[in-house]
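Undergrad: next input, structure requested:
(one chain, ligands or ions: 2)
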Amino acid sequence: MPHDPAPLPYLIIDFDSTFTQVEGLDELADIALEGHPDREKVVGAIRALTDRGMSGELNFSESLKQRLALLPAHQRHLAPLVARLKGKVSESIARNRGFFEEFRGRVYIVSSGFREFIEPVVAEYGIASDFVLANTFTYAPDGSINGFDATNILSRDGGKIEQLRQLDLLGDVYVLGDGYTDYQIREAGLANRFYAFTENVTRDAVVARADEVLPSFDEFLYQNKLPMTLSYPKNRIKVLLLENPDARAAELFRQEGYQVETITGGLDEDELVQHIEGVSILGIRSKTNVTPRVLEAANRLIAVGAFCIGTNQIDLTGCMKKGVAVFNAPFSNTRSVVELALGEIIMLARRIPDKNPKMHRGEWDKSASGSFEIRGKTLGIVGYGNIGSQLSVVAEAVGMKVVYYDVAEKLQLGNAVKCRTLEELLRQADVVTLHVDGRKENTNLFGAAELAMMKPGALLLNNSRGHIVDISALADVLRSGHLGGAAVDVFPYEPKTNQESFESELRGLPNVLLTPHIGGSTAEAQRNIAEFVPERIMQYINSGNTQQSVNFPNIQLPEQQAHRLIHIHANVPGVLARINNVLAQHHVNILGQYLKTNEHIGYVITDIDKQYDQEVIGELRKVEHTIKFRVLY
Ligand SMILES: NC(=O)c1ccc[n+]([C@@H]2O[C@H](COP(=O)([O-])OP(=O)(O)OC[C@H]3O[C@@H](n4cnc5c(N)ncnc54)[C@H](O)[C@@H]3O)[C@@H](O)[C@H]2O)c1
Ligand SMILES: O=C(O)CC[C@@H](O)C(=O)O
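TA: Ligands and ions are numbered 1, 2, ... in the order given. Here you go, the predicted structure:
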C-alpha cells in the first residue's frame, strides 16, 4: 500500500523471543540432544539459565558461558535449527514481512544470540548481514561447538550498550525486545524509547521499565502510523465473555491475540450498558439480553456470540442495523437436550421426582401406582427442528410412537406422524415435549386452554424457553391432577447467578422435575460451543465470512492475494454502484466481489488489487448509507 514514507526511527530488534517466538540456544539444545536420555533435563537447565539471564537475575556473560557448557551441539545441527526457527518467526513479525522489506536499512537485529542462525532467518525479511549484530560460535576441529568468540562485544556484560555506542546512529532510535539487556540500551541513553515485546514472553521486570508494552508488532506499527498488514492490531480488540462459557472460548480468543475479560454470571441491562463501551466482541448465553439500549452504548461492537442455540435474548434486527453480526452454536448442544428429555420422560413415567425425596427422608413407598412403561406410548413433539427431530429418532428407538407438530414443513423422520394442528397432537399424546424456538409470538403458547386439551394423566416437558408456558396455568393442572407430571428446565425468570435463589409456583408440586436450565450443560456440549462460536467470529473478523451468522446475509469468498474490503450498508438501491464508482474513479482493479442483501442490510465483500490509494478508503467510508466499513488485509 503506498504511503507517505515519513523517516522511520532506527529500530533495534532483539532476535530470541522477539523476532522469533523461541530462544535459539534452547532450540539448538533440543535438536542436539534428540534421542538422548537426559534431553529434557539438559534442555530444562539451559532454559532456566536463559530465563535468569533475560530477566536480569544472572549477568549475561555468565548465563551464556554456563549454557554453552551444557550444550553438546555440532555444526551439523545448525541447518535443522535454522529451518525450525524460520517456522517460528513471531506471528505479528511474519505477517508484516512487507514492512521489513520496505524499510531495509533502518532495522537492526542486535542480539546476544548467534549470527550462524540469526542471519539466514532474518535474510528472508530483507535484513542484510551488515544489519545483524550478534555473537559467533567457536568450533573444535571435529565441528562440535565448543564456545563463543570472546572478542565479540556482544558476548560481554553490557555488550548491547557498547554495540549501540559503536553503531553511533544519527536520529531517533527505538528498541524492541523481551529482555533486560534490551531495556539497558534505553537506560544508557542510547535509545529514545524501549518497547517491551510481550507476544511470546512477558517478563515483569522488563515490562515495568518499558516506555510501551507491545503485545504484537502490529501495535508498534499502529502506534507509529507505519504501514501494516492488518487494518487494526488484534490486541486492541476487546472481548467480553459473560455467563461462564467453557474456558476454551477465552483461550481461543487469547490465542488470536485479543484482550479477554470474563464475568461469571449474566449482566442486567444497566450493568451491560456500563460494560459494553470499547467491547468489540460480546459473548453471552441465554440470560443476558442485548437490547436497543445496550446497542446504543456499544461504540465498538463488531460481533455478538451466543454461546448457546437460542438467540431470542438478542435484538437481532437492532444488531443488523448497527452492522453487528451475531453467531450462535445451532447444534452443539442438541444431543445433550435430547438425552435429558429422554431421561425425563422415563423419570416422570416412574414418578421418580416423588419417590427420590421420600427415600432421602427415609420413607419406603414401594408401589406401581401411576407408573408406566414408555414403550408403546405416544410422544407428541411440538417444534420439529434440530432437537425435536433428533428426539423423534431416539424415542422411536426405545419403542415410543411419535407424532409431531411444527409451524414449518419438516422432513418426517422414521415413522413419526405429522399433526396438522396442535390440538390434534395434544388429544393423542401421552407425553408432550416442547422444542419450539423462543420467538416472541410463542409467549404462553401453552396456556390453560392447551393444557386442558392434554390427555388426563399426560406428562409435559419444557426444555425450550421459559416464556413458552404459562407457569400458573401449569401449576393449576398439576395441582388438580389433570396432568400426571412435568419436567421444566427453563423459566420466565431465571436467576442471574448461582448465588440468587430460585422462586417458582412449581416448587413442591407432585411429580415435577425442576432443573436449572441445564439442557445443554454437558462437558461435550460446552466444549463444542466454546470452539464453534469463537471460530465463526474469528473467521468473520479475519476474512469477512458470515457463514452461519443468524442475522447477516451469509457470504463466503475464498481468500486471495488482494486487499479485502467489507462494506455493510442499508439495503437501498444503488449503493453497490456507488462503491464501484469510487473504485473506478481511482483506477482500482476489482479482483472479486460479492453482494448479498436481506430485508435491512447489504453486505458486500470486495477484493481489490494490492496497489491502491489511501484516499479510496476515505471515500468508501463516506458512501451514503454506509453502516460499517472495514479493510481486512
Ligand atoms: N434447555 C436448554 O438448555 C436448551 C438447550 C438448547 C436449546 N434450547 C431451546 O430449545 C429450542 C429448540 O431448539 P432447536 O435447536 O431444536 O431449534 P430449531 O430452530 O432447530 O427448531 C425449532 C422448531 O420450532 C418450530 N416452531 C416455532 N414455533 C412453533 C410453534 N408455535 N409451533 C410449532 N412449531 C414451532 C420451528 O419451525 C422449528 O422447526 C429453542 O427454544 C432453544 O432455545 C434449550
Ligand atoms: O447455556 C445456556 O445458557 C442456554 C442453553 C440453551 O438454552 C440454548 O439455547 O442453547
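Undergrad: contacts only, for Leu164.
TA: By C-beta atoms under 8 Å, 6 or more residues apart in numbering, Leu164 lies in contact with 12, 110, 173, 185, 188, 190-191. Every C-beta, even on glycine, is put in place using the N, C-alpha and C of the backbone.
Undergrad: hang on, it in a helix?
TA: Yes - according to DSSP: H, G, I helix; E, B strand; the rest coil, Leu164 belongs to a helix.
Undergrad: before we move on, back to that, and which of the contacts of Leu164 is nearest ligand 1?
TA: Among the contacts of Leu164, Ile12 lies closest to ligand 1 (C-beta to the nearest ligand atom), at 54.5 Å.
Undergrad: isn't there a strand covering Thr213?
TA: Careful, residue 213 is Val; it's not Thr. Yes - counting by three-state DSSP, Val213 falls inside a strand.
Undergrad: near ligand 2, which residues of this protein?
TA: 285-286, 308-310, 333, 517, 519-520 (C-beta under 6 Å from any ligand atom).
Undergrad: so can I have JSON lines of these showing pLDDT?
TA: Shown next, in JSON lines, are these (pLDDT from 0 to 100):
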{"residue": "Arg285", "pLDDT": "96"}
{"residue": "Ser286", "pLDDT": "94"}
{"residue": "Cys308", "pLDDT": "97"}
{"residue": "Ile309", "pLDDT": "96"}
{"residue": "Gly310", "pLDDT": "96"}
{"residue": "Asn333", "pLDDT": "97"}
{"residue": "His517", "pLDDT": "97"}
{"residue": "Gly519", "pLDDT": "98"}
{"residue": "Gly520", "pLDDT": "97"}
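Undergrad: just those that are near ligand 1?
TA: Within the residues of the chain next to ligand 2, those near ligand 1 by C-beta under 6 Å from any ligand atom are 309-310, 333, 517, 519-520.
Undergrad: got those as TSV, with secondary structure columns?
TA: Compiled in TSV, these are given as follows (three-state DSSP):
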residue	secondary structure
Ile309	coil
Gly310	coil
Asn333	coil
His517	coil
Gly519	coil
Gly520	coil
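Undergrad: most neighbours out of these, which is it?
TA: The most neighbours of any of these, using other C-beta atoms under 10 Å, belong to Gly520, which has 27 neighbours.
Undergrad: how about the nearest residue to Asp609, chain neighbours excluded?
TA: Closest residue in space to Asp609, ignoring its immediate chain neighbours: Asn589 at 4.0 Å, by C-beta to C-beta, 6 or more residues apart in numbering.
Undergrad: pLDDT averaged over stretch 604-620 - what is it?
TA: The average pLDDT within stretch 604-620 is 83.
Undergrad: neighbouring contacts of it?
TA: Contacts of stretch 604-620 (C-beta under 8 Å, 6+ apart): 1-3, 544, 555, 557, 560-567, 569, 575-576, 579, 582-583, 586, 588-596, 626, 629, 631.
Undergrad: could you do stretch 382-399 as well?
TA: 309, 330-331, 334-335, 337-339, 341-342, 345, 374-376, 379, 381, 402, 404-406, 410-411, 413-416, 422, 425, 432-437, 445, 463-464.
Undergrad: alpha carbons of it, as PDB, please.
TA: C-alpha atoms of stretch 382-399 as PDB (Å, rounded to 0.1, in the frame of the first residue of the first chain):
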ATOM      1  CA  VAL A 382     -44.100 -29.600  19.400                       C
ATOM      2  CA  GLY A 383     -41.400 -28.000  17.300                       C
ATOM      3  CA  TYR A 384     -39.700 -30.500  15.000                       C
ATOM      4  CA  GLY A 385     -36.400 -28.600  14.500                       C
ATOM      5  CA  ASN A 386     -33.000 -29.900  15.300                       C
ATOM      6  CA  ILE A 387     -33.800 -31.000  18.800                       C
ATOM      7  CA  GLY A 388     -37.300 -32.200  18.200                       C
ATOM      8  CA  SER A 389     -36.400 -34.300  15.200                       C
ATOM      9  CA  GLN A 390     -33.400 -35.900  16.900                       C
ATOM     10  CA  LEU A 391     -35.500 -36.800  19.900                       C
ATOM     11  CA  SER A 392     -38.000 -38.300  17.500                       C
ATOM     12  CA  VAL A 393     -35.400 -40.800  16.300                       C
ATOM     13  CA  VAL A 394     -34.200 -41.700  19.800                       C
ATOM     14  CA  ALA A 395     -37.800 -42.000  21.200                       C
ATOM     15  CA  GLU A 396     -38.700 -44.400  18.400                       C
ATOM     16  CA  ALA A 397     -35.600 -46.400  19.200                       C
ATOM     17  CA  VAL A 398     -37.000 -47.100  22.700                       C
ATOM     18  CA  GLY A 399     -40.400 -48.100  21.400                       C
END
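Undergrad: brilliant, that's me finished.
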